[in-house]
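Sequence and predicted structure below; questions after.
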Amino acid sequence: MNVLITGYEVSPFFKRGGLGDVMGSLPKALKKINVDCRVVVPCYVEMQEKANGKRIGEFHVHFGDKEEEIGVYKSHLPDSDCVVYFLSNRPILSHINLRGRNKKIDQFAFFSLAVVRFIAWLNSNKQWEVDLVHCNDWHTALIPLIMKNKIKPPIPTLLTIHNLSYQGFGSRKVLDLLHFKNEETKELKREISAKEIDILGEGILHATKVSTVSPNYALEIMKEEHCHKEIYTYLRKREAVFGEKDKIIGILNGIDYDAWNPAKDELLFHKFDVNNWEVGKKAVKGNLLKFFSLKPKPTFCFIGRMAVQKGIEMLIKVTKTIVQLDANLIFLGSGDPNIEKSVKRIAQKYPDNVRAEVAYNEELSHKLYAASDFILIPSHFEPCGLIQMVAMRYGTIPIAAKTGGLKDSIVNEKDGFLFEKDKLTRLRRTIKHTLSVKKDNDRYKKMVQRAMRKDFSWDKSAVLYKKLYEEMI
């Protein structure tokens, strides 16, 4: 079975978020179970040195009123034989940070068209024949529509939704660039304005199958009170067209234990596993607190994007409680400038207990996962979440909102703590409870050991994806 998986990022060549981890890990797990899964992504300038791809050819696409050349480069995921293709075009695919939402919409419409033409190019050059295309998020959600209209017979498409917050809103003029007629689309416009489009919504309606990244999130998004109102209409329309037999499927993401393993982590001076974690974590924690000029106390952390979704305003409100409980709190992440300012202010307010590292820092994240006692995840919603899985592997107990993939991956009071989402008093109460549990040394040790032994490898998820692929072909 030949599966082409596509998205806007792939680790380690270019990574902005969790999708990059998925794109860099799932293909390797699928390869182990005899699925020839290959990756195709845009070739940004930022990744060219890391990719070190070999040019294997070129083809042309008609986009707008121009013929654009696409260069094809081939490389492999590190330490594997999984093929990665990079599609190059200057200036459209050179940079990810295009200013203006319509430029970004046009960029990924172009990339989606390029992927469809690339599949035909692979076949015509007898390089590889694609059986199924696995699309990810709005950036590639136009592929199912383009596939239906530009390739006969169309190849089956799976669209995986990683976060419904990002839908690809923009100008409907992108249809003209793709040379689509109105009758060839179903819903490529937003209800509020016939001049605007919701690309993810169109993908939901045209894909052969739709999945998301945890079973609980798949259930949540079908309830109007949990879903983003713009996309709820599309989810319901798909259900009306395809019926109960074609429900959205939730498959929990995994993590790559080659990248996230405290026993082998080259970024840790003191490595440890489930058998010697007490000594290892103590040493890493000592070094990190010394680095931050913090005293040896129970330490909480936040690691992730500083976005409204992550519930950071709740953390800011409970910081006083953490300080009063004589504990440390360390923030690591970047994102919304207003949230960044709030985090910096709270760190300045409590200089003896709180630190804020407002940056994307991969090395520091590894050390913080290993050094902390607890990680705080008060998300308002969380499609899957990878940080709780990584934290558990590093012996750091998650304190998380009971939502989405957090609910699927954490067993309350066994390997982590769950509280009712959006409830500040519940979060405050749970923080106090975790510190009392930490004082019960035997109970705390068992929780850490259970968390570290939990299997979040991609092996289980890969089997579920293979089964889904087989149903579609």
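Nice, I can see it.

From here on, just use CA atoms for contacts and neighbour counts.
Will do.

Only alpha carbons, please: show the lowest-mean-pLDDT helix or strand in the chain as CSV.
Least confident element among the helices and strands of the chain, by mean pLDDT, DSSP states H and E: helix 48-51 (a mean of 80). Taking C-alpha atoms only, helix 48-51 is exported to CSV below (Å, rounded to 0.1, in the frame of the first residue of the first chain):
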residue,chain,number,x,y,z
GLN,A,48,16.9,23.6,2.5
GLU,A,49,20.1,23.1,4.3
LYS,A,50,18.7,20.5,6.7
ALA,A,51,16.8,18.7,3.9
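
Could you list the buried residues of that helix?
Buried residues in helix 48-51, defined by neighbour count with 16 or more other CA atoms under 10 Å: Gln48, Ala51.

Contacts for that helix, please.
Phe13, Ser75 (CA atoms under 8 Å, 6 or more residues apart in numbering).

strands paired with the next helix or strand after it, and their directions?
Using DSSP states H and E, the helix or strand that follows helix 48-51 in sequence is strand 54-63. With DSSP bridges as the test, strand 54-63 is paired with strand 66-76 (antiparallel).

Run the chain-centre distance for the partner strand.
26 Å (CA atoms, centre = their mean, to the nearest Å).

With stretch 387-394 instead?
Distance of stretch 387-394 from the chain centroid (CA atoms, centre = their mean) equals 15 Å.

Stretch 260-268 now?
So, by CA atoms, centre = their mean, the centroid of stretch 260-268 is 21 Å from its chain's centroid.

Distance of the nearest residue in space to Gly250 that is not next to it in sequence relative to Leu424?
Excluding its sequence neighbours, the residue lying closest to Gly250 (CA to CA, 6 or more residues apart in numbering) is Pro215, at 3.9 Å. Distance, Pro215 to Leu424, by CA to CA, to the nearest Å: 26 Å.

show me the contacts for the residue nearest to Gly250.
Contacts of Pro215 (CA under 8 Å, 6+ apart): Ile249, Gly250, Ile251, Leu252, Gly404, Gly405, Asp408.

contacting residues around the residue nearest to the fifth one when sequence neighbours are not counted?
Nearest in space to Gly404, with sequence neighbours left out and distances taken as CA to CA, 6+ apart, is Tyr217 at 4.4 Å. Tyr217 makes contact with Gly250, Glu382, Pro383, Cys384, Thr403, Gly404, Gly405, according to CA under 8 Å, 6+ apart.

among these, who's most crowded?
Highest neighbour count within the contacts of Tyr217, by other CA atoms under 10 Å: Cys384, with 29 neighbours.

Pretty sure Ile410 is one of the things that residue touches, is it not?
No. Using CA atoms under 8 Å, Cys384 is not in contact with Ile410; the gap is 11.3 Å.

follow-up on the earlier one: I'd like the contacts of Tyr217 written out as CSV, with pLDDT added.
Formatted as CSV, these follow (pLDDT from 0 to 100):
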residue, pLDDT
Gly250, 97
Glu382, 94
Pro383, 94
Cys384, 95
Thr403, 96
Gly404, 95
Gly405, 96
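
between those, which is nearest Leu158?
Checking those against Leu158 by CA to CA gives Gly250 as the nearest, at 12.4 Å.

Roughly how far does the closest one sit from Tyr465?
Computed as CA to CA, the Gly250 to Tyr465 distance reads 10 Å.

And for Lys152?
Here the criterion is CA to CA. By it, Lys152 lies 25 Å from Tyr465.

The lengthiest helix in the chain - what's its average pLDDT?
In the chain, taking DSSP state H as the definition, the longest helix is helix 101-124. For helix 101-124, the mean per-residue pLDDT is 92.

Good, wrapping up.
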